[in-house]
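Participant: got a predicted structure plus its sequence, pasted below:
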Number of protein chains: 6
Amino acid sequence: RYGLAEEEHQVGVVTGLAWTSVGGDLLHIEGLKLPGKGRMKTTGKLGDVMKESIDAASSYVRSISPQIGVKPTVFDKIDIHVHVPDGATPKDGPSAGLAMVTSIVSVLTGIPVRKDIAMTGEVSLRGNAMPIGGLKEKLLAALRGGIKTVLIPQDNEKDLADIPDNVKDGLEIIAVKHVSEVLKLALIEEPEAIEWDEAAEEAAAAALKKEEGAGATAH
Amino acid sequence: RYGLAEEEHQVGVVTGLAWTSVGGDLLHIEGLKLPGKGRMKTTGKLGDVMKESIDAASSYVRSISPQIGVKPTVFDKIDIHVHVPDGATPKDGPSAGLAMVTSIVSVLTGIPVRKDIAMTGEVSLRGNAMPIGGLKEKLLAALRGGIKTVLIPQDNEKDLADIPDNVKDGLEIIAVKHVSEVLKLALIEEPEAIEWDEAAEEAAAAALKKEEGAGATAH
Amino acid sequence: RYGLAEEEHQVGVVTGLAWTSVGGDLLHIEGLKLPGKGRMKTTGKLGDVMKESIDAASSYVRSISPQIGVKPTVFDKIDIHVHVPDGATPKDGPSAGLAMVTSIVSVLTGIPVRKDIAMTGEVSLRGNAMPIGGLKEKLLAALRGGIKTVLIPQDNEKDLADIPDNVKDGLEIIAVKHVSEVLKLALIEEPEAIEWDEAAEEAAAAALKKEEGAGATAH
Amino acid sequence: RYGLAEEEHQVGVVTGLAWTSVGGDLLHIEGLKLPGKGRMKTTGKLGDVMKESIDAASSYVRSISPQIGVKPTVFDKIDIHVHVPDGATPKDGPSAGLAMVTSIVSVLTGIPVRKDIAMTGEVSLRGNAMPIGGLKEKLLAALRGGIKTVLIPQDNEKDLADIPDNVKDGLEIIAVKHVSEVLKLALIEEPEAIEWDEAAEEAAAAALKKEEGAGATAH
Amino acid sequence: RYGLAEEEHQVGVVTGLAWTSVGGDLLHIEGLKLPGKGRMKTTGKLGDVMKESIDAASSYVRSISPQIGVKPTVFDKIDIHVHVPDGATPKDGPSAGLAMVTSIVSVLTGIPVRKDIAMTGEVSLRGNAMPIGGLKEKLLAALRGGIKTVLIPQDNEKDLADIPDNVKDGLEIIAVKHVSEVLKLALIEEPEAIEWDEAAEEAAAAALKKEEGAGATAH
Amino acid sequence: RYGLAEEEHQVGVVTGLAWTSVGGDLLHIEGLKLPGKGRMKTTGKLGDVMKESIDAASSYVRSISPQIGVKPTVFDKIDIHVHVPDGATPKDGPSAGLAMVTSIVSVLTGIPVRKDIAMTGEVSLRGNAMPIGGLKEKLLAALRGGIKTVLIPQDNEKDLADIPDNVKDGLEIIAVKHVSEVLKLALIEEPEAIEWDEAAEEAAAAALKKEEGAGATAH
Ligand SMILES: [Ca+2]
Ligand SMILES: [Ca+2]
Ligand SMILES: [Ca+2]
Ligand SMILES: [Ca+2]
Ligand SMILES: [Ca+2]
Ligand SMILES: [Ca+2]
Ligand SMILES: [Ca+2]
Ligand SMILES: [Ca+2]
Ligand SMILES: [Ca+2]
Ligand SMILES: [Ca+2]
Ligand SMILES: [Ca+2]
Ligand SMILES: [Ca+2]
């Protein structure tokens, strides 16, 4: 089933686009949330640059967590596992950054990702979509795999001139500048923000302490 | 005794199938549960890809633990050790993923694994069975080793056309799409699910705290 | 958008200047503050020397934290993530030290960095600006990228003799001896110092203990 | 004294058999129990495969600890150090597995190991004795070193046909299928099992908590 | 400013002397004390031998801490960062040991180091000054850099015969046997010893416990 | 001062004997005890085999600690640093094992080591003295360095036949079988044993808990 669009909207499952010496391919990114201690686990023979892009994606998501309705304190109680099958094929590069952000947000909010959308784009620590290489090969792989919509960085829009018309006709290609646009397009519903300021944070911390204290001295 | 089917149904012991430059072979996977702190230990000269497949198997099992009757909190109190003898032979690849999941589920539930079944298939973080290579060599090894039933990924079903008839006659070959089918076929009885939602989780945590508190201040 | 000045004043975002075998380039340094435990995370395919320069920058900032209005105790409750896109390009060298200090101070104080300023210079553990190489290529890249003001180490002022006039005319070039000058020029407002002596420190520690104690025994 | 049988029955000291490019040799395995935190330390220039065989031996022993009269909770309070002199000679391979199990069991139970016995055999995580190479060279080394009895895996019994008669006459060679047979033959007395079920475990944990609690609030 | 004597007496800043294939040079060692947990951080592209010399210097200083007026318990509450600019030049060797000790003592006591003194010499774990290589090149660099006084190990005194007279005339060269002499010469005032025996230690520990206890149960 | 006997009896300072491609040499081993958490730190460009020999020495000493008058609980409160100058010369091999044991025992007991004694010999985990290479070169270095007495393993006694008479006349050479003999000969007085059984251990643990509890709730 590699190289084909997903069959259902699923939580944490995002389709990225890879570009290798033998052409483009779909990248089936899987995120999972586990009870834990704030660790990030990655598997799938990922190179250092792809692992760093997951780190950056994770820090970005953490920095906007109230905007997606997730209390920052949640991060200390879970681990997130990102896996990219197939496990025997080496993968690297930063261009799955937007997809990593989308997977992590989906996992944290429980909101599924649209099944027939794919995306490519590096992500900065501020959530900006940054340009990638191999656009043509990636779009061909998306078309071949039954993808309907592809999100690309706005800085790559100029490269569309070189893409064959049949590819551009077969796909809805949307240029994005920022993760916020990606989330609106890729998640089946929009996350709702919560209030979270330093006061809220301290109240949460105090409540936690009280609870622990109560447990610890319940006579 | 390498290369032969197990003599008894055993907890944590699963027969995988390896494919190397010198042909196929049985892979005797051994799982063990120990009192611990949620660590995963692996031995048997395993390569990084096989170790990652064990990590993915472990996260998958953890994510479905209530469905197999295991409280998620159990994972913090045990270590799991997966060993693949013989210890001097290097082993690698993701294709033992389904077998790893089966070993870990057997270890956690205490339900033995059928002795005359073998399996091959990568596992995704969502429990999907994913295609593998070397099907012919693996089936030959299974036949040679006295295996009766072999589970293969559905995506490999098309490769059965190239398998000699005597092999297909000598083995029951079952194509599976998902770990859930594997567990039904490979365990001698089916795990029973428990209720586990966030409320249950919080109640468990509270009880734990109370218990610790009571211990800590028992006047 | 690589190689161009930032479009807005932003917190934690500083423009450094890189010098590689193919010429000069802008380095878009991104800092982020996260709830945490005093860890420093770095991404962007950074070499060991650049990572060490971030370590030195971080220790320097920590040593002057009361002068920038930041309680030293803050450092135990946050992690700082410094990322330098693009993630696939290796970066190394100590010459982004002043920029790293500026990013970390901006992140800690919440004061944005001027968007049309760039800087180059190693930083010592005492905050001194130390000389760098490739001044000409760096200034050319700054000019090309729409930068208005460039901060350089005073020890490099002598190298300005070799810089073409059009570059010197197109940029305001300011030589600095110490981080304190950099912060005055690069932040949109100056951080205000707080009182912090050992007595303050002990009072803070005592208050913390009291608070924790109160939480832990709140009957 | 290398290459000679031990002079006394000693706790934790087991004679293994090595097979190298220059022939067979005795391997003097030394185990030691120290107050600690459940760590395993290994020294003696051991290769990764031998270290993994010690890991597997340790997990196996831990899994059977009530059968050898050792409370599982003991493991959290001790470290075990396994050393194989001489420290300058590299050693590797899984074939000392049975000897490692025997050393660890002797150390934990305090029961000495017979001085004139040697053993060779890989151990599985279930305690099975698994076949090894170099049987002839190992038996020659045993004879040369004054060993009286040698334990070998049953799967190697077929190789005895190739062993010279004088060697077979000079040694009592016993084929074993499982660690349980090894322990009966190698320890000077048999370990006595204790009762240990989950109830016992929980009672122990509760007692521990009470004790700690009592200490922590002793008014 | 590399290669020149410091302009002021500064805390933690010590001038060492390096000897490389291209001659001698000044080594500007910077030490900094930060709130922490007893960690030692080193930066400046230091080789393993120089890092070990910092470890040895640190242990030595810790072992004499009451003699320099520093309570041993201080070490658990601080981190020490030693940086040697410039960050892009690899540095190695044990000969900066005396300088490392001096920097750490200055940092811990807050007593500045004389600005026009430089020193070279390995340090043993007992504080002995041990011989170094490249004395001639190092002295030339010191002279060139405006240094007035150079401390060298007594075991190198015999090498002074080969040093040109103009160098010996331009520098005050003092041979030392032990760190205690170095500290007397290099710090602008002498550290004052405190009383510290096991009784003091236990009293401190008890006081700490009481304080923590008081905090933890302050009703 | 390398290559010469020590000038005084010192705590933790032991003279070992090295054998390299350029002949024998004295090895000045320095041990130091620091407040800590049971860690072992080693410096001096030591190879893995020498580091392992220090690990083995340390475990051995820990296993006999009551016999040398040291409570086993002491080990959790101290770190031990073993340094072997000069720091730029690589050192390796197991033959300093007896010297490492002697240094650690001296450090723990505070009993100085005789200054004019040197020793060579690997140590097993049971304290046995095991044979070493390069005896002739080592004895020559000892003689040259002003050493009076050299301890060698009994298994090397046979090699004395090849040693020139002037060397044997100039040194008192004592063959030893076990660490216990080494300690009697090398320390200026013998350590006195303390009583230490499991009951003592539990009493100590209980006292510790009480003390901590008292501190933690001192109203
Ligand atoms: Ca593919
Ligand atoms: Ca990619
Ligand atoms: Ca096999
Ligand atoms: Ca495989
Ligand atoms: Ca660029
Ligand atoms: Ca750039
Ligand atoms: Ca740079
Ligand atoms: Ca041998
Ligand atoms: Ca072996
Ligand atoms: Ca220089
Ligand atoms: Ca040096
Ligand atoms: Ca020497």
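Facilitator: Yes, it's here. Numbers count the residues shown, from 1 in each chain, chains lettered A, B, ... in the order given. Ligands and ions are numbered 1, 2, ... in the order given.

Participant: which stretches of chain A form strands?
Facilitator: For chain A, the strands defined by DSSP state E occupy A:13-20, A:23-35, A:40-43, A:78-83, A:117-119, A:122-123, A:129-130, A:149-153, A:172-176.

Participant: pipe those strands into CSV and attach distance to B:Gly121 and mean neighbour count per row.
Facilitator: (C-beta placed from N, C-alpha, C; glycine too.) Below are the strands of chain A laid out as CSV (distance: least, CB to CB, whole Å; neighbours: other CB atoms under 10 Å in any protein chain shown):
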stretch, distance to B:Gly121, mean neighbour count
strand A:13-20, 19, 24
strand A:23-35, 16, 22
strand A:40-43, 16, 20
strand A:78-83, 15, 23
strand A:117-119, 25, 29
strand A:122-123, 33, 28
strand A:129-130, 36, 26
strand A:149-153, 30, 23
strand A:172-176, 35, 17
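
Participant: just the residues contacting stretch A:151-163, thanks.
Facilitator: For stretch A:151-163, contacts defined as CB atoms under 8 Å, 6 or more residues apart in numbering or on different chains pick out A:98, A:117-122, A:129-132, A:135-136, A:139, A:168, A:173-177, A:181-182, A:185-186, C:1.

Participant: the residue in chain A that ligand 3 sits nearest to: neighbouring residues, count only.
Facilitator: Closest approach between chain A and ligand 3, counting by CB to the ion: A:Ala88, at 20.7 Å. Neighbour count for A:Ala88, taken as other CB atoms under 10 Å in any protein chain shown: 19.

Participant: then A:Val105?
Facilitator: 29.

Participant: next up, the contacts around the residue of chain A found nearest ligand 10.
Facilitator: In chain A, the residue found nearest to ligand 10 is A:Asp48; the distance is 32.2 Å by CB to the ion. Counting by CB under 8 Å, 6+ apart, A:Asp48 touches A:Asp92, C:Lys45.

Participant: repeat the analysis, applying 7 Å as the threshold.
Facilitator: A:Asp48 makes no contacts at all, as judged by CB atoms under 7 Å, 6 or more residues apart in numbering or on different chains.

Participant: from C:Thr43, how far off is it?
Facilitator: 10 Å (CB to CB, to the nearest Å).

Participant: for chain A, where's the lowest mean pLDDT among helices and strands?
Facilitator: In chain A, no helix or strand scores lower on mean pLDDT, DSSP states H and E than helix A:198-216, which sits at a mean of 63.

Participant: which pLDDT value goes with whichever residue of chain A sits closest to ligand 5?
Facilitator: Going by CB to the ion, ligand 5 is nearest to A:Pro131 of chain A, at 9.9 Å. Among the per-residue scores, A:Pro131 shows a pLDDT of 97.

Participant: which residues are in contact with it?
Facilitator: So A:Pro131 contacts A:Pro153, A:Asp155, A:Asn156 (CB under 7 Å, 6+ apart).

Participant: find the nearest non-adjacent residue to it, please.
Facilitator: Spatial nearest neighbour of A:Pro131, excluding adjacent residues (CB to CB, 6 or more residues apart in numbering or on different chains): A:Asp155 at 3.8 Å.

Participant: on that earlier part again, next up, phi/psi of the residue of chain A closest to ligand 5, please.
Facilitator: The phi/psi pair for A:Pro131 (degrees, to the nearest 10) reads phi -60, psi 150.

Participant: that one and C:Val74, how far apart?
Facilitator: The gap separating A:Pro131 from C:Val74 is 36 Å, by CB to CB.

Participant: for A:Ser103, same thing?
Facilitator: In this view, A:Ser103 and C:Val74 are 31 Å apart by CB to CB.

Participant: these two: who's more crowded?
Facilitator: A:Ser103 (29 against 13).

Participant: doesn't A:Lys33 make contact with the more buried one?
Facilitator: No - with contacts counted by CB atoms under 7 Å, A:Ser103 stays clear of A:Lys33, the gap being 10.5 Å.

Participant: any idea which residue of chain A lies closest to ligand 6?
Facilitator: Residue nearest to ligand 6 within chain A: A:Met130 (10.7 Å; CB to the ion).

Participant: tell me the contacts of the nearest residue to that residue once chain neighbours are set aside?
Facilitator: Closest residue to A:Met130 apart from its sequence neighbours, by CB to CB, 6+ apart: A:Glu122 at 4.0 Å. The neighbours of A:Glu122, taking CB under 7 Å, 6+ apart as the test, are A:Ser53, A:Pro94, A:Ser95, A:Gly97, A:Met130, A:Ile132, C:Pro85, C:Asp86, C:Gly87.

Participant: touching, A:Asp116 and A:Val150? I think so.
Facilitator: No - between A:Asp116 and A:Val150 no contact is recorded; they are 10.0 Å apart, counting by CB under 7 Å.

Participant: could you report the pLDDT at the residue nearest to A:Met130?
Facilitator: You'll see A:Glu122 listed with a pLDDT of 98.

Participant: how close does it sit to ligand 7?
Facilitator: Distance, A:Glu122 to ligand 7, using CB to the ion, to the nearest Å: 21 Å.

Participant: likewise for A:Arg126?
Facilitator: For A:Arg126 relative to ligand 7 (CB to the ion), the value is 21 Å.

Participant: count the residues that sit near that residue.
Facilitator: A:Arg126 is flanked by 19 other residues according to other CB under 10 Å.

Participant: measure it to A:Phe75 for me?
Facilitator: Taken as CB to CB, the span from A:Arg126 to A:Phe75 is 19 Å.

Participant: where does chain A dip in pLDDT?
Facilitator: A:1-2, A:198, A:204-219 (pLDDT under 70).

Participant: make it 80
Facilitator: For chain A, the stretches with pLDDT under 80 are A:1-4, A:197-219.

Participant: related to what we said a few turns ago, doesn't C:His83 make contact with the residue of chain A closest to ligand 6?
Facilitator: No - taking contacts as CB under 7 Å, A:Met130 lies outside contact range of C:His83: 11.2 Å.

Participant: one step back: can you tell which of the strands of chain A is closest to D:Pro191?
Facilitator: Closest approach to D:Pro191 among these is made by strand A:23-35 (37.8 Å; CB to CB).

Participant: can that closest one be found next to ligand 2?
Facilitator: No - using CB under 5 Å from the ion, strand A:23-35 stays clear of ligand 2, with a minimum separation of 6.6 Å.

Participant: partner strands of that strand, with direction?
Facilitator: strand A:13-20 (antiparallel), strand A:78-83 (antiparallel) (DSSP bridges).

Participant: outside of that strand, which residues touch it?
Facilitator: With CB under 7 Å, 6+ apart as the test, strand A:23-35 has contacts from A:3, A:12-18, A:77-85, A:91, A:96, A:99-100, A:103-104, A:106-108, A:118, A:134, A:137-138, A:140-141, A:145, B:59, B:62-63, B:72, B:124-126.

Participant: who are the neighbours in contact with A:Gly3?
Facilitator: Applying CB under 7 Å, 6+ apart, the residues near A:Gly3 are A:Asp25, A:Leu26, A:Ala141, A:Arg144, A:Gly145.

Participant: let me have these in JSON lines, extended by distance to F:Glu7.
Facilitator: Formatted as JSON lines, these follow (distance: CB to CB, whole Å):
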{"residue": "A:Asp25", "distance to F:Glu7": "72"}
{"residue": "A:Leu26", "distance to F:Glu7": "75"}
{"residue": "A:Ala141", "distance to F:Glu7": "77"}
{"residue": "A:Arg144", "distance to F:Glu7": "82"}
{"residue": "A:Gly145", "distance to F:Glu7": "80"}
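
Participant: from the residues you listed, which single one is nearest chain D?
Facilitator: Nearest to chain D among the contacts of A:Gly3 is A:Asp25, at 34.4 Å by CB to the nearest CB.
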